[in-house]
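Student: what follows is a protein structure lacking sequence information:
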């Protein structure tokens, strides 16, 4: 079975950090640090910015507590305590009051982001924008939570607003690229990532995201080059390692893929998607390290127990190990979680077929076909089950549908040939077996059946 796993890697980025050039050289203020965390930027990256640029305020313990409440880690708190201080700009009481109001909105929004309450966070960031409509930080933070809610058109508008106010912010360009990527605008995404790289040539996330876009466009070599650049710039970039593994696997480098997945897991053990990818690479379509694959799938399920696709993958690995009951249990769990998952119905049908339950298998194949009428494999499987029940006409009809959908399906040609032979049509049967043989000349069963019938016809 051809299995495709789509790995969604969420890049991390910082907000536009000030409102006028040369913005990125200025020390960070209190609001900017909160805004960075509100936008989902990890503490180590914020700490790096603090170390590079310094701050223009004295971080009080109350302020540090606020940061901790919105997800700041010790590395950031330590960087703030040790940061070089620049003199803060003198503010009028009115401006100071507005800043305090904005900081409260941002802090509440950041806490809500931590809880993944993005709709509520959106309201806080909109309130901040009411106070400071020309601040790129607030537009970016709003874009981020809209992005997370998949309100992509609105997110794009906010990212563009942030860029309009601060055109040289590489990270706003990167996030805009991410939104365009999800909208299917690969050319737009590529342009934004390329702009980000031009503005900040050492920005690993931009290279990693450009690699994703190139991979989706079919340029695996280009994608691999971008992932390797991201890793050179940031060796701890777990997402780049995972996506490099995916690209190497698609290029046929199974061992290289496994090595990259293992590195990604070492860097970020809690990513269920990468455990799933490693399991798929280890199984290698039923060959290879099935025990290792089962371990990875079970780890993935501990992290994401309601993922039907992981249950299906575990079922396949258990079936490969000969544990048919375990496989059936996993397929049934997958269907309880996602009743319309056609692949799980077909695989459950195959497992029931192996156990001798042809009626149960036929029911599952028919359900798979109802959900996915153009699934050639399901039609072929149904044909084989009907043949087992003695329904040659039904089997012939299903094999013909399978071949209309997938003309190069060697086994469907062969089974159609054998069914036609049983119906007495030797000439048509021979033609089907001959086609099967030409498609798969190394298949000993097909070769034997073709040569046997050829001898009969020549008599």
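Tutor: Looks like it came in fine. A quick note: this is a predicted structure, and the numbers were derived from the prediction, not measured.

Student: only C-alpha atoms from now on, for both contacts and neighbour counts.
Tutor: Noted.

Student: list the buried residues for the longest helix belonging to the chain?
Tutor: For the chain, the longest helix by residue count, based on DSSP state H, is helix 93-114. The neighbour-count check on helix 93-114 (16 or more other CA atoms under 10 Å) flags 99, 102-114 as buried.

Student: show me what that helix is packed against.
Tutor: Applying 3 or more CA pairs under 8 Å, 6 or more residues apart in numbering; DSSP states H and E, one finds that helix 93-114 contacts helix 30-38, helix 61-69, helix 118-131.

Student: re the thing from before, from the buried residues of helix 93-114, pick the one nearest residue 216.
Tutor: residue 113 (29.1 Å; CA to CA).

Student: picking that back up, tell me the most buried of the helices and strands packed on helix 93-114?
Tutor: Burial of the helices and strands packed on helix 93-114 is given as mean neighbour count (mean count of other CA atoms under 10 Å); helix 30-38 ranks first at a mean of 24.

Student: for it, packing partners?
Tutor: Applying 3+ CA pairs under 8 Å, 6+ apart, we find helix 30-38 packed against helix 43-53, helix 93-114, helix 136-148.

Student: could you dump those helices to a markdown table with distance to residue 419 and mean pLDDT?
Tutor: Listed next are these as a markdown table, based on distance: least, CA to CA, whole Å; pLDDT from 0 to 100:
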| stretch | distance to residue 419 | mean pLDDT |
| --- | --- | --- |
| helix 43-53 | 65 | 86 |
| helix 93-114 | 61 | 86 |
| helix 136-148 | 54 | 93 |
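
Student: related to what we said a few turns ago, identify the farthest-apart pair in the buried residues of helix 93-114.
Tutor: Taking CA to CA as the measure, those have their most distant pair in 99 and 114, spaced 22.3 Å apart.

Student: what's the longest helix of the chain in contact with?
Tutor: For helix 93-114, the external contacting residues (CA atoms under 8 Å, 6 or more residues apart in numbering) are 30-31, 34-35, 37-40, 66-67, 69-71, 118, 120-125, 127-128, 131-132, 145.

Student: swap in stretch 382-401?
Tutor: 353, 358, 361-362, 365-366, 376, 379-380, 412-413, 415-416, 419-420, 422-423.

Student: now, these that are in helices?
Tutor: Within the contacts of stretch 382-401, residues falling in helices by DSSP H are 353, 358, 361-362, 365-366, 376, 379-380, 412-413, 415-416, 419-420, 422.

Student: returning to what we had before: list only buried entries from the contacts of stretch 382-401.
Tutor: 353, 358, 361-362, 365-366, 376, 379-380, 412-413, 415-416, 419-420.

Student: any chance of the helices and strands packed on helix 93-114 in a markdown table, plus distance to residue 349 and mean pLDDT?
Tutor: Shown next, in a markdown table, are the helices and strands packed on helix 93-114 (distance: least, CA to CA, whole Å; pLDDT from 0 to 100):
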| stretch | distance to residue 349 | mean pLDDT |
| --- | --- | --- |
| helix 30-38 | 48 | 85 |
| helix 61-69 | 50 | 90 |
| helix 118-131 | 41 | 94 |
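
Student: is it possible to export those helices to a markdown table including distance to residue 218?
Tutor: Output for those, formatted as a markdown table (distance: least, CA to CA, whole Å):
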| stretch | distance to residue 218 |
| --- | --- |
| helix 30-38 | 34 |
| helix 61-69 | 42 |
| helix 118-131 | 33 |
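
Student: between those helices, which gets nearest to residue 305?
Tutor: The nearest among these, by CA to CA, is helix 118-131 at 23.2 Å.

Student: the closest one - contacts with which helices or strands?
Tutor: Under the contact criterion of 3+ CA pairs under 8 Å, 6+ apart, helix 118-131 touches helix 93-114, helix 136-148.

Student: could you check how far the shortest one is from the centre of its chain?
Tutor: This means helix 136-148. Relative to the centre of its chain, helix 136-148 is centred 22 Å away, using CA atoms, centre = their mean, to the nearest Å.

Student: which elements pack onto that helix?
Tutor: Helices and strands touching helix 136-148, by 3+ CA pairs under 8 Å, 6+ apart, are helix 30-38, helix 118-131, helix 152-165.

Student: could you rerun that using 6 Å?
Tutor: Applying 3 or more CA pairs under 6 Å, 6 or more residues apart in numbering; DSSP states H and E, we find helix 136-148 packed against helix 118-131, helix 152-165.

Student: just the mean pLDDT for the last one, thanks.
Tutor: Mean pLDDT, computed over helix 152-165, is 96.
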